[in-house]
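A.B. asks: what follows is a predicted structure for the sequence shown.
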Amino acid sequence: MTMKPRNNYEQRVAELNGYLSEDIAESNANKIKEACKGWDMRHYCYFTVHSNMAEFMVRRLYRVYKVADRSTDHFFFVEIMREFNDGKRKNYFGKQRSMGCYYDTFIYGSDMELRGTYRNYAGYCISDLFELTMTSITEDYDSKRIDCVQIDPNELGRIIKNNPVAENLYKNHDKLFGYLLWQPYPKQVCRSITLAKRHGFEFNDATSPIWFDMVRSICYCKKDYHNPVFIAPKGDLMTMHDKFTEMEFRKRRKEREQRERRRQELRQQREYEEIRKQLEEDKTINEKYIKRRKRFFDMVLTDGLIECRVLRDVKAFEEEGLEMEHCVYRCKYYNKPYSLILSARINDKRIETIEVNLSNYTIAQCYGKRDHFTMYHDRIKELVNSQMETIKYYNRNRRTIKKSIAV
């Protein structure tokens with residue numbers, strides 16, 4: 001929790017704090033590196049550096065990261081906390097926290113500010129961080145000081161690992177390193193920086209963004225990023241930039257069109273496969289229905305005016321459902337094992353559709369168009385009920401029905 005100095009004592013501490021740099025002495029850095037040999041530093045560790053300043057004893061807490069590459073280990077130091085102690089009371093300065101007082105997560109680019117020492121709901125106090133230190137080091141004022149990290153060390157290590165150009169830019173405090181840090185530029189861009197400087201190209205706040213975008217386009221288009229004519233233009237930089245960005249735009253558009261054509265082909269192929277599978281499935285269903293109901297295909301129930309015949313295949317169910325505008329096809333009545341579907345007609349005109357339950361030989365339902373009753377409804381039901389013995393005969397005497405009906 002950030003605090004403002006409330007009295008003369010805290011104002012004195014804040015004044016002394018302003019004289020301190022966040023950098024670490026080279027001698028202390030070397031001691032820390034020596035102490036870290038053989039440690040498995042998968043994340044980070046803490047070190048406390050002791051020094052005297054005016055009437056105070058100052059403890060400075062550093063978080064240390066180690067990133068290893070093929071040849072050497074890189075160490076990064078981040079100062080996160082300071083403790084001023086005059087023997088009577090203690091004051092703490094620290095960086096801003098990003099996830100609350102309980103977590104030791106800090107915003108590296110924030111300022112060292114006076115912090116409160118209250119305990120949170122978990123009983124955690126800001127001074128407890130000093131108890132996490134692995135070793136303490138006495139500071140040497142005469143040694144040279146090296147810069148501490150002001151960015152995320154993990155991100156920094158990812159960029160400079162196995163990339164000597166980026167590492168040199170970082171060590172030389174070159175502003176160009178900021179472009180490599182915040183933009184997803186390929187590694188070829190780092191090599192182009194050295195060549196461009198060698199051939200006299202001047203980087204500044206106006207030309208650097210344009211140059212980086214241009215070289216990224218050159219690398220994307222697979223052009224020669226070692227060619228000084230391209231990466232260190234003597235004439236108008238914007239003209240060269242527009243040339244390669246337009247080339248990149250055309251290439252990306254072509255690739256996008258190719259991907260779209262490929263997606264169309266895959267979509268058509270997928271639709272074709274779905275249709276083919278659906279046709280095979282429909283064929284199998286149709287064959288099963290015919291095998292299950294073909295013994296009824298010669299059966300005709302009539303009273304001289306109305307004729308009731310069994311639907312002969314799945315296609316007939318579809319036609320019956322479309323013309324009568326009911327669900328005999330949508331609800332897949334052809335898959336029901338104990339349902340016999342009859343179509344009642346007069347002079348081949350559909351009147352009603354009847355479902356007979358073969359388990360108890362009763363009429364389950366009988367409806368006309370749009371599930372309404374017609375003027376022939378009672379007559380149709382009477383006809384089917386009177387011929388129920390015929391339906392039983394066709395259903396039970398399977399071997400007597402030898403005629404095969406083709407679809």
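C.D. replies: It's in.

A.B. asks: tell me which helix or strand comes right after the host helix or strand of residue 82.
C.D. replies: Counting by DSSP states H and E, the element that carries residue 82 is strand 73-85. Heading C-terminal from strand 73-85, the first helix or strand you meet, by DSSP H and E, is strand 90-94.

A.B. asks: just checking, what packs against whatever helix or strand comes next after that following strand?
C.D. replies: Reading on from strand 90-94 to the C-terminus, the next helix or strand found by DSSP H and E is strand 113-115. Where contact means 3 or more CB pairs under 8 Å, 6 or more residues apart in numbering; DSSP states H and E, strand 113-115 is packed against helix 8-18, strand 90-94. (Glycine included, C-beta is placed from N, CA and C.)

A.B. asks: what comes up buried for the helix or strand following strand 113-115?
C.D. replies: Counting by DSSP H and E, the element after strand 113-115 in chain order, helix or strand, is strand 135-138. By neighbour count on 16 or more other CB atoms under 10 Å, the buried set for strand 135-138 is residue 137.

A.B. asks: list the contacts of strand 135-138.
C.D. replies: Contacting residues not belonging to strand 135-138 are listed as 28, 31, 32, 35, 47, 48, 49, 50, 51, 59 [CB atoms under 8 Å, 6 or more residues apart in numbering].

A.B. asks: out of these, give me the two with the largest separation.
C.D. replies: The two members of those with the most space between them (CB to CB) are 35 and 51, at 17.9 Å.

A.B. asks: what residue ranges in the stretch 301-407 of the chain score low on pLDDT?
C.D. replies: For the stretch 301-407 of the chain, the stretches with pLDDT under 70 are 397-407.

A.B. asks: please check the contacts of strand 135-138 and keep the buried ones.
C.D. replies: Neighbour-count burial (16+ other CB under 10 Å) applied to those gives 28, 31, 32, 47, 48, 49, 51, 59.

A.B. asks: can you check the pLDDT for residue 41?
C.D. replies: At residue 41 the predicted local confidence, pLDDT, stands at 67.

A.B. asks: should've said residue 259
C.D. replies: Residue 259 is assigned a pLDDT of 92 by the prediction.

A.B. asks: now name the helix or strand holding it.
C.D. replies: helix 237-293.

A.B. asks: beyond that helix, next helix or strand please.
C.D. replies: Downstream of helix 237-293, the first helix or strand assigned by DSSP H and E is strand 300-302.

A.B. asks: what lies in contact with the helix or strand following that next one?
C.D. replies: Using DSSP H and E, the helix or strand that follows strand 300-302 towards the C-terminus is strand 307-310. Counting contacts by CB under 8 Å, 6+ apart, the residues outside strand 307-310 that touch it are 293, 296-297, 299-302, 340-346, 354, 380, 383-384, 387.

A.B. asks: neighbouring strands of strand 307-310 in the sheet, and parallel or not?
C.D. replies: Here strand 307-310 has these sheet partners by DSSP bridges: strand 300-302 (antiparallel), strand 339-346 (antiparallel).

A.B. asks: list of residues touching the first one?
C.D. replies: If I follow you right, that is strand 300-302. Counting by CB under 8 Å, 6+ apart, strand 300-302 makes contact with 307, 308, 309, 342, 383, 384, 387, 390, 391, all of which sit outside it.
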